[in-house]
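Provided below for reference: sequence and predicted model.
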Amino acid sequence: MSTRERLSGNEAIATAMRQIDPDVFAMFPITPSTEIPQYFAQYVADGKVDTEFICVESEHSSLSACLGAEAAGCRAITATSSAGLSFMNEMLYVAASSRLPVVLAVACRALTGPININHDYSDSMAERDSGFIQLYGENNQEVYDNYLCAHRIAEHPSVRLPLMVCEDGFITSHAIENIEIEDDEAVKRFVGQYRPESYLLKKKHPLAVGPYGISSYYMEARVAQAEAMKAAKQVILEVAEDFEKTFGRRYGLFEAYRMEDAEYATVLMGSSAGTAKAAVDSLRKDGIKAGLIKLRVFRPFPGEELKEALKNCLAVAVLDKSEGFSGCGGPVFSETAGALINLDKKPKLIDIVYGLGGRDFTVKHALDVYERLMKIADTGETGPVYSHMGVRSDGV
Amino acid sequence: MAYNLKEEMNKPERFHAGHRLCAGCGAGVVCRAMMRAVDTKDKAVICNATGCLEVSSFQYPYTAWEDSYIHTAFENASATASGVEAAARVMKRRGRIDPDTKFKILAIGGDGGTYDIGFQSLSGALERGHDFTYFCYDNNAYMNTGTQRSSATPRFASATTTPSGAESVGKKQVQKDLTQIVVAHGSPYVAQTTLFGTMKDFHEKAHRAIYTKGPTFVNVLTPCPRGWGYPAEDLIDICKAAVETCIWPLYEVVDGEYRLTYEPKKKLPVEEFMRRQSRFAHCFKSGNEWTIEAAQEYVDRKWEELLSRCS
Ligand SMILES: Cc1ncc(C[n+]2csc(CCOP(=O)(O)OP(=O)(O)O)c2C)c(N)n1
Ligand code: SF4
Ligand SMILES: [Mg+2]
């Protein structure tokens, strides 16, 4: 039987970790993810888990230790944010290319410059090409549910890729919500055990991990990794289906909110979706065909499915909560534009970068976005394709 | 059991020929001897830092290693080993590995991967007390990238980033004394050795390190014919010269107690070591005599310090 409990996003993730009782957890503190290992340390202290909990001396080492443990035959996890994720950068790529399915909880936080502890996706977006699968949640329930799905996706034999479960720093990580927590045994049954075929500590069959790959072999390894990322899409959907059967909550690659006949749509991620849905509802009351796409899965990017979902819209705004410094739009925008590129008749597409370093995003902001989309559809003039919203000069 | 070279050499080889290290490279000798120090009945997992050894010993699809092996990056062999060691503990506890099989966790890195970029990771793993042995094959520079100086490069050695020239007599700083720094971590067994004679000194230290519980460390002076500039066949003579001049003293520290494992009957002057290698050639040019005097002074001081610790 599930129970309803009042938990922060961090405690929800820590609870999922306790229920899974992984083999190894290597931790290093950074705001706002620190509470996750702190809760976990208490579970260790209270004998509620049997995990090897190692407090290492950096994030580079926390992920390195996870790689050693995974290769040795274990389920290994860690958690981080912002600078910590950047510090792991080198090892994120090694995790993915070594096909070691570490699960990493990320409480997404702005990258330094200036230093800032609040939410945006500059940390996780900077690692979008690392080879990690990335799942994003809108609220505490989704973050908990994504965590329950994570190991099964990552460890699936046709995938074997590491995975980030992303929550919005402070907004989700620290806000308390009343959520459904599944029964410990049911979680254990659903997640199952990790028993790789080859591992370092296999007595009769030694294993070698992490070779030097000359040009005559390197590309095959990369192509195999790319194929695994493509295969992950199907596995994510299969796990979601089983999740719905088991726990009753339904997930896909993204949530299409009031999109059936939508003419104006936004594409965004995480907690902002709650705010934007309120705007959609109010516009719908006025008979305006507004809709919204909330990406749950950013890697692999659901390009085909997104194209289908957006193809009948007149105008679409991508809301990017990180500045890609490309000079022409954020990362979610370029992916979305790529997804739509081969449509014969495509919606007008703009990018709006917002909410950096915890800058507020309100229903009014969302309504302004839809207003812009309606004007674009009316006039046929796209206006600035790439702009920033909510900056001080706007009078915010 | 007394050390017997013949018996040791009859053990099944665990680091195979066919690797791509240069002819005469000390690192290959270290690896063979390190693996001989693991009892035949026991298994090992080798955690290797990026460097000459890694790129030469595991080039897909070939590996020179008989035992399980993992390389992930340059600066994190100790952190990777920490994860493997934690895994061994939890898997044993959870009944997933045979309780009667001993897996020895060995980390191995060059001086760059140990004294420099991997120093933090090493220090962390030592402090946490993982049950593993770290072997540093110290060849005094970043050899894989072409002999750039490291903190293990001795003073006056010419390296590609500290070349000798009209205004330069090579590296300005003395070698970091990493062995002492590891001792300061309180590790139960720390030793310095090198490659010479029947390899008895190496073997006994390696074996003791591997079979002492906790984080143990063996620092091995490992000549590189290419980077040091000497004929490949002189490997053992170079090592012996390092020992007889007291440039690389042989000692071990057991639970904080120092013990000299070899004391030269007559300490040779440092020239005996330096003269054999082109990286010190400029020291022997007229006008640079002072470099040899300074090198000698430093070695004398360090040697006296060590003797006082050992008494
Ligand atoms: C993070 C990082 N920086 C730099 C390098 C380039 N690099 C590879 S091996 C190496 C030097 C290795 O030196 P050492 O550890 O002494 O081993 P050796 O090659 O001398 O055996 C360097 C600088 C790297 N692989 N990774
Ligand atoms: S360059 Fe030196 S350390 Fe590297 S393989 Fe050759 S001899 Fe060995
Ligand atoms: Mg070196």
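Structure's in. What do you need? Ligands and ions are numbered 1, 2, ... in the order given.

Give me the distance between the residue of chain A found nearest ligand 2 and B:Gly227.
Residue of chain A nearest ligand 2, by C-beta to the nearest ligand atom: A:Tyr212 (12.8 Å). Using the backbone N, CA and C atoms, a C-beta is placed for each residue, glycine as well. As for A:Tyr212, its distance to B:Gly227 is 20 Å (criterion: C-beta to C-beta, to the nearest Å).

Which one's more surrounded, the two?
B:Gly227 (26 against 17; other C-beta atoms under 10 Å in any protein chain shown).

show me the contacts for the more buried one.
Applying C-beta atoms under 8 Å, 6 or more residues apart in numbering or on different chains to B:Gly227 gives the contacts B:139-141, B:143, B:147, B:159, B:279.

Can you tell me the closest non-neighbouring residue to it?
Leaving out its chain neighbours, the residue that sits closest to B:Gly227 by C-beta to C-beta, 6 or more residues apart in numbering or on different chains is B:Thr147, at 4.1 Å.

tell me the pLDDT at A:Leu343?
Looking at A:Leu343, its pLDDT is 98.

do B:Met1 as well
68.

again, but for the one 4 residues further on
What the model reports for B:Leu5 is a pLDDT of 94.

Which of the three states applies to the closest residue to it other than its chain neighbours?
The spatially closest residue to B:Leu5, leaving aside those adjacent along the chain, is B:Thr198, at 4.3 Å (C-beta to C-beta, 6+ apart). State at B:Thr198, reduced to three classes by DSSP: H, G, I helix; E, B strand; the rest coil: coil.

which residues touch residue 96?
Using chain A here. A:130-132, A:161-162, A:225.

Actually, chain B is the one I wanted.
A:Gly73.

swap in B:Ser164?
B:Ser164 sits next to B:158, B:170, B:281-282 when contact means C-beta under 8 Å, 6+ apart.

any chance of those residues in TSV, plus neighbour count and secondary structure?
Output for the contacts of B:Ser164, formatted as TSV (neighbours: other C-beta atoms under 10 Å in any protein chain shown; DSSP: H, G, I helix; E, B strand; the rest coil):
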residue	neighbour count	secondary structure
B:Ser158	24	coil
B:Gly170	23	coil
B:Ala281	15	helix
B:His282	19	helix
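
Can you add pLDDT and distance to ligand 1 and give those back as JSON lines?
JSON lines is the format used below for the contacts of B:Ser164 (pLDDT from 0 to 100; distance: C-beta to the nearest ligand atom, whole Å):
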{"residue": "B:Ser158", "pLDDT": "98", "distance to ligand 1": "16"}
{"residue": "B:Gly170", "pLDDT": "98", "distance to ligand 1": "17"}
{"residue": "B:Ala281", "pLDDT": "98", "distance to ligand 1": "21"}
{"residue": "B:His282", "pLDDT": "98", "distance to ligand 1": "22"}
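
what's the closest of those residues to ligand 3?
The closest of these to ligand 3 turns out to be B:Ser158 (C-beta to the ion; 15.2 Å).

OK, contacts around the closest one?
B:164, B:170-171, B:278-282.

now the contacts of B:Ser164 as TSV including distance to B:His16?
Shown next, in TSV, are the contacts of B:Ser164 (distance: C-beta to C-beta, whole Å):
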residue	distance to B:His16
B:Ser158	34
B:Gly170	37
B:Ala281	36
B:His282	39
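
Could you work out the most separated pair of those residues?
Greatest spatial distance in the contacts of B:Ser164: B:Gly170 and B:Ala281, 9.7 Å, computed using C-beta to C-beta.

Can you show me the helices along the chain?
No chain specified, so I'll use chain A. A:9-20, A:35-45, A:59-72, A:82-97, A:122-126, A:140-155, A:184-191, A:215-247, A:272-285, A:303-310, A:331-340, A:363-379 (DSSP state H).

that answer is for a different chain, and I need it for chain B
Going by DSSP H, chain B shows helices at B:5-10, B:26-36, B:52-57, B:77-93, B:111, B:119-128, B:178-184, B:200-210, B:225-228, B:235-244, B:271-274, B:289-310.

what's the closest of those helices to ligand 1?
Nearest of these to ligand 1, taken as C-beta to the nearest ligand atom: helix B:52-57 at 3.5 Å.

So that closest one, near ligand 2 or not?
Yes. Judged by C-beta under 6 Å from any ligand atom, helix B:52-57 comes into contact with ligand 2 at B:52, B:56.

how close does the closest residue to A:Arg250 other than its chain neighbours sit to ligand 1?
With C-beta to C-beta, 6+ apart as the criterion, A:Arg250 has its nearest non-adjacent residue at 4.7 Å, and that residue is A:Glu244. According to C-beta to the nearest ligand atom, to the nearest Å, A:Glu244 stands 44 Å off from ligand 1.

for the residue of chain A closest to ligand 2, what are its contacts?
A:Tyr212 neighbours (C-beta under 8 Å, 6+ apart): B:54-55, B:58-60.

Any buried residues in the strand of greatest length in chain B, and which?
As assigned by DSSP state E, the longest strand anywhere in chain B is strand B:103-110. Within strand B:103-110, the residues that count as buried by 16 or more other C-beta atoms under 10 Å in any protein chain shown are B:103-110.

could those residues be laid out in CSV, adding distance to B:Glu304 and pLDDT?
Below are these laid out as CSV (distance: C-beta to C-beta, whole Å; pLDDT from 0 to 100):
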residue, distance to B:Glu304, pLDDT
B:Phe103, 42, 98
B:Lys104, 36, 98
B:Ile105, 36, 98
B:Leu106, 34, 99
B:Ala107, 32, 99
B:Ile108, 32, 99
B:Gly109, 30, 99
B:Gly110, 29, 98
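
Now that we have the contacts of A:Ala96, which of them are buried?
A:130-132, A:161-162, A:225.

tell me which of those residues is nearest to A:Phe254?
When these are compared against A:Phe254 (criterion: C-beta to C-beta), the nearest one is A:Phe132, at 18.0 Å.

and the closest residue to B:Glu127 other than its chain neighbours, how far is that from A:Glu90?
Using C-beta to C-beta, 6+ apart and skipping the chain neighbours, the partner closest in space to B:Glu127 is B:His185 (6.2 Å). Noted for B:His185: a distance of 25 Å to A:Glu90, by C-beta to C-beta.

give me the low-pLDDT residue ranges for chain A?
A:396 (pLDDT under 70).

tell me the domain boundaries of it?
Residue ranges for the domains of chain A, per automatic domain parsing: A:3-247, A:254-394.

Looking at those domains, which is nearest to B:Thr72?
Nearest to B:Thr72, of those and by C-beta to C-beta, is domain A:3-247 at 5.1 Å.

Is the residue in the stretch 1-150 of chain B that ligand 3 sits nearest to bridged to anything, and to what?
When scored by C-beta to the ion, the stretch 1-150 of chain B has B:Gly110 as its residue closest to ligand 3, at 3.5 Å. Beta-bridge pairing for B:Gly110 (DSSP bridges): B:Tyr137.

Let me see the contact set for it.
By C-beta under 8 Å, 6+ apart, the neighbours of B:Gly110 are B:27, B:49, B:51-53, B:136-139, B:142-144.

again, only using 10 Å
Listed by C-beta atoms under 10 Å, 6 or more residues apart in numbering or on different chains, the contact partners of B:Gly110 are B:27, B:48-54, B:74, B:77, B:116, B:118, B:136-144, B:150, B:152, B:222, B:224.
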